[in-house]
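Trainee: I would like to see how this sequence folds:
(one chain, ligands or ions: 1)
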Amino acid sequence: MPHVLSATDMPAAELLRRAEAWRQRLTENATPPIQPKAALVALLFYEPSTRTRAAFEQACVLLGYHPLVITVEASSIVKGESLQDTVRTLNAQGVRAIVIRHPHSGAPQLAAQVSHTPILNAGDGAHEHPTQALLDLYTLWLHYGKPDPTTQWLSGRKMAIVGDIRHSRVARSNLTLLTRAGAEVWLCAPPTLQPDAPLQNAHLTSDASEAVRDADVVMALRLQTERMAQGLLPSLNAYRRDYQLNTPRLQLAKPDCVVMHPGPIQRGVEIADEVADGARSLILTQVQNGVYVRAAVLEYALEEK
Ligand code: NCD
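Mentor: Now for the predicted structure:
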């Protein structure tokens, strides 16, 4: 029974192929016939979410499972039930898998220790967001014409991730998958939003020009104010000036550079409207691919082996 807890433990090449099969199936027929199962998959969300939750819900529907969405406010969690006891409860009722989003790093790992069904990490604190990294990888894989995913197919490509690296689980999981595929990854943040410890295999800089120059891919990240200790960002205007992904900054990148963002985007802060909505933007493609990738991951986790 495979859990999907981190980018490191995912069979990325296999999952890219599965996601591609889902894309093709849904391109042929956007509402394919399904065989509903009398079974639930729980989506345990301890933090807000729009696209990740909607994609996992859709993945459940596509696979014939009913998505049972549990949010903190409407559950026994507010009565003091521990994460482990919530997981034991859902296991006792026979749910087939549990998707968890949690503000604390390591929560899905903790859940996996007591769960008899697969745990899928939908983002834990500033730690990991493996399915987001997989959908970003899938988006690039399609963009570059579906090269053999078992090779170093991103070798020779420069990828710049710019923004609140310190609090970003997306940056961490992406770093794992992108470097494994051979990309040169640059992480760029103001000094106060850089990680405490160096991240392996990444170039770290506070100079956005250095990060973006000659990049093939630039990913902007949201400022995660909900995780930010007061005062980490003295001035939003200075942040815009030095780090916002706008047209002049993007001109430093390769002419065929593409722009990504995991969402939610804060227009006019980390990314300018003209870039978010521009011809190089893959942002909505990422969102769409999120459905195929979640269907692929759920199918993999639930497959009878
Ligand atoms: C991100 C998240 O929640 O980790 N969004 C997402 O899942 N697509 C990034 C963010 O919150 O900024």
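Trainee: Look through this protein and state the residue closest to the ligand.
Mentor: R222 (3.6 Å; C-beta to the nearest ligand atom). To be clear about C-beta, it is placed using only N, CA and C from the backbone, and glycine gets the same treatment.
Trainee: can you tell me which residues contact that residue?
Mentor: R222 makes contact with G163, D164, H261, P262, G263, P264, I265, Q266, V269, E270, according to C-beta atoms under 8 Å, 6 or more residues apart in numbering.
Trainee: do stretch 167-176 and the ligand meet?
Mentor: Yes - residues of stretch 167-176 contacting the ligand under C-beta under 6 Å from any ligand atom: R169, V170.
Trainee: sorry, back to before: tell me how far the residue of the chain closest to the ligand lies from A276.
Mentor: The span separating R222 from A276 equals 12 Å under the rule C-beta to C-beta, to the nearest Å.
Trainee: Now the common contact residues for the two.
Mentor: H261, I265.
Trainee: Secondary structure element holding V275?
Mentor: Element membership for V275 (DSSP states H and E) is helix 273-276.
Trainee: How about W186?
Mentor: Counting by DSSP H and E, W186 is found in strand 184-188.
Trainee: pLDDT value on the nearest residue to R180 once chain neighbours are set aside, please?
Mentor: Counting by C-beta to C-beta, 6 or more residues apart in numbering, the nearest residue to R180 once its immediate chain neighbours are dropped is A12, at 7.0 Å. Note on A12: pLDDT of 97.
Trainee: same question, L233
Mentor: Per-residue pLDDT puts L233 at 81.
Trainee: Can you tell me how far it is from H66?
Mentor: 42 Å.
Trainee: how about Q84, what does it touch?
Mentor: L110, A111, Q113, V114.
Trainee: Same check on H66?
Mentor: H66 touches P36, A39, L40, V41, C60, counting by C-beta under 8 Å, 6+ apart.
Trainee: This structure: strands as residue ranges?
Mentor: According to DSSP state E, the chain carries its strands in the segments 40-45, 66-71, 97-102, 119-124, 158-162, 184-188, 202-205, 217-220, 258-260.
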